[in-house]
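Trainee: how does the following fold in three dimensions:
(one chain, ligands or ions: 1)
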Amino acid sequence: MSGRTHARACPERTCVGCRERAAKRDLLRIVAIEGICAPDPRGTLPGRGAYLHPASVCLDLAVRRRAFPRAFKVPGPLDTAELRQVLETAAR
Ligand SMILES: [Zn+2]
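Mentor: Below you'll find the model as predicted:
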């Protein structure tokens with residue numbers, strides 16, 4: 001049994017908030033653009049991406065543990081206000 005026989009129909013990513021693995025399509029890709037965490041729902045923006053459940057609880061966790069600067073390998077804090085707004089709008 002090689003373990004490679006199963007085709008990976010849905011690639012998994014780890015949520016930077018709760019650290020749980022989930023299907024890539026269930027997570028929102030985030031990229032850092034000029035110090036701002038920008039949502040990339042279509043996965044088309046260039047650069048290093050981080051994945052997050054589209055939920056404000058996961059965003060809170062990610063912010064608290066400074067997961068975004070770490071994921072993007074940038075030193076400073078990142079602005080998540082716009083991202084939060086997107087998540088809260090989408091949750092409705
Ligand atoms: Zn999560």
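Trainee: could I get the pLDDT score of the closest residue to Val86 other than its chain neighbours?
Mentor: Nearest residue to Val86 in three dimensions, chain neighbours excluded: Pro39, at 5.0 Å (Cβ to Cβ, 6 or more residues apart in numbering). The way it works is simple: take the backbone N, C-alpha and C, and place the C-beta from them, glycine included. On pLDDT, Pro39 comes in at 95.
Trainee: for Ala91, same thing?
Mentor: Taking Ala91 on its own, its pLDDT is 66.
Trainee: okay, stretch 26-41 in CSV with CA atoms only?
Mentor: The C-alpha trace of stretch 26-41 is given here as CSV (Å, rounded to 0.1, in the frame of the first residue of the first chain):
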residue,chain,number,x,y,z
ASP,A,26,-13.5,25.8,2.1
LEU,A,27,-10.8,28.3,3.1
LEU,A,28,-10.3,31.8,2.0
ARG,A,29,-6.9,32.7,0.6
ILE,A,30,-5.4,35.8,2.0
VAL,A,31,-2.5,37.7,0.6
ALA,A,32,-0.6,40.7,2.0
ILE,A,33,-0.7,43.8,-0.2
GLU,A,34,1.2,46.8,1.1
GLY,A,35,0.6,46.0,4.8
ILE,A,36,-3.0,45.0,4.3
CYS,A,37,-4.5,41.5,4.5
ALA,A,38,-6.5,41.2,1.4
PRO,A,39,-8.9,38.4,0.6
ASP,A,40,-8.2,36.5,-2.6
PRO,A,41,-11.4,34.4,-3.1
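Trainee: list the beta-bridge partners for the residue nearest to Val86.
Mentor: Ile30 (DSSP bridges).
Trainee: hang on, isn't it packed against Leu28?
Mentor: Yes: Pro39 lies in contact with Leu28 (Cβ atoms under 8 Å); the separation is 5.6 Å.
Trainee: spit out the residues that contact these two alike.
Mentor: Applying Cβ atoms under 8 Å, 6 or more residues apart in numbering, one finds that Pro39 and Leu28 are jointly contacted by Leu87.
Trainee: pLDDT below threshold where in this structure?
Mentor: 1-8, 91-92 (pLDDT under 70).
Trainee: so which residues of it form strands?
Mentor: Under the criterion DSSP state E, strands of the chain are mapped to 12-14, 21-23, 28-33, 36-39, 49-52.
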